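Visitor: Need coordinates for the following:
(chains A, B, C and D)
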Protein chains: 2
Amino acid sequence: MIYSSELIKGTLKTIVLKLLADNKKMYGYEITQRVKELTLDKIQITEGALYPTLHALEDDGLVTTETEFIGKRVRKYYSLSPSGKNKTKEKVSELADFMETMKFLLDIKTKSV
Amino acid sequence: MIYSSELIKGTLKTIVLKLLADNKKMYGYEITQRVKELTLDKIQITEGALYPTLHALEDDGLVTTETEFIGKRVRKYYSLSPSGKNKTKEKVSELADFMETMKFLLDIKTKSV
DNA sequence: GTCAAATACATCAGATTCTTATGTATCTTT
DNA sequence: AAAGATACATAAGAATCTGATGTATTTGAC
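Guide: Got it, this is the predicted structure:
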């Protein structure tokens, strides 16, 4: 099963930040593969969604980049900046909180009027 | 704290369906208030987001409507159709599954290479 | 009794963000 | 030599939310 795309909306940035926090530096393609692997193919980040997101993180100063050549092929590594680390903590705890709230909402049985 | 709007994206439809499943019938304004109340103001559904969503659910045959007059003021009640009940089960279990996956992703510490 | 706030519907321009191509190029495996 | 994987990037179109605006009634406070 692959999650419907709407579900992933809004969590992509947080996922990317969290992965970078755990892995020091990663490049785009690696991120797509890692997420696919960690989620047993349930979350497949497309490149069309990922690259604009990475560029936005860079524009916001949350990540820094360094380019490396593997043979003749370029590889662009992303790392969290100090403000990126803070942002990651915020986003992750917000998402954790949100999930608690959603869990509660989904379990509601009573007609609390 | 109010969740960032991106987070709520993708879950709105599921929230509405679940509320309708638990409450037989509800009207739009009531849904916004109930969600606000149940989530201690953390999730505030705007009318600009809710009404188009309700209309879409109706167009998809997932809900049926009945109009009632309270004094001179109209009130539009929404109820799940049979296919809406099935859809709700699907969406809720998908979201539950997704949350498990996200929980796992957010806890990742190892550099599993 | 009147004025603000709450109730209740609805629409829409603009913003955001994802999907689905498309493009370019290199490296690896068969 | 060809196919598939690696690796970047952009862009038109679709979907969906924000925030504003509009209309109208009812309730509560002073």
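
Visitor: so which helix or strand takes in the residue in chain A that DNA strand C sits nearest to?
Guide: Nearest to DNA strand C, among the residues of chain A, is A:Gly48, at 1.9 Å (Cβ to the nearest atom of the strand). For the C-beta atoms, the positions are set from N, CA and C on the backbone; glycine is no exception. Using DSSP states H and E, A:Gly48 falls within helix A:47-59.

Visitor: Is DNA strand D within reach of that helix?
Guide: Yes - contact of helix A:47-59 with DNA strand D (Cβ under 7 Å from any atom of the strand) involves A:47-48, A:51-52, A:54-55.

Visitor: The next helix or strand along the chain from that helix pairs with which strands, parallel or anti?
Guide: For helix A:47-59, the following helix or strand on the C-terminal side (DSSP H and E) is strand A:63-70. Here strand A:63-70 has these sheet partners by DSSP bridges: strand A:73-80 (antiparallel).

Visitor: Other residues contacting the strand it pairs with?
Guide: A:17, A:20-21, A:24-28, A:54, A:57-58, A:62-69, A:88 (Cβ atoms under 8 Å, 6 or more residues apart in numbering or on different chains).

Visitor: Look up the pLDDT of the residue of chain A closest to DNA strand C for me, please.
Guide: Note on A:Gly48: pLDDT of 95.

Visitor: where are the low-confidence patches of chain A?
Guide: A:108-113 (pLDDT under 70).

Visitor: Flag every residue of it that's near chain B.
Guide: A:1, A:3-4, A:6-11, A:13-15, A:18-19, A:22-23, A:35, A:38-39, A:42-43, A:92, A:94-99, A:101-106, A:108-112 (Cβ under 8 Å from any Cβ of the partner chain).

Visitor: DNA strand D next: which of those residues are close?
Guide: A:Glu6.

Visitor: so A:Ile2 touches A:Asp41, yeah?
Guide: Yes - between A:Ile2 and A:Asp41 there is a contact under Cβ atoms under 8 Å: 6.9 Å.
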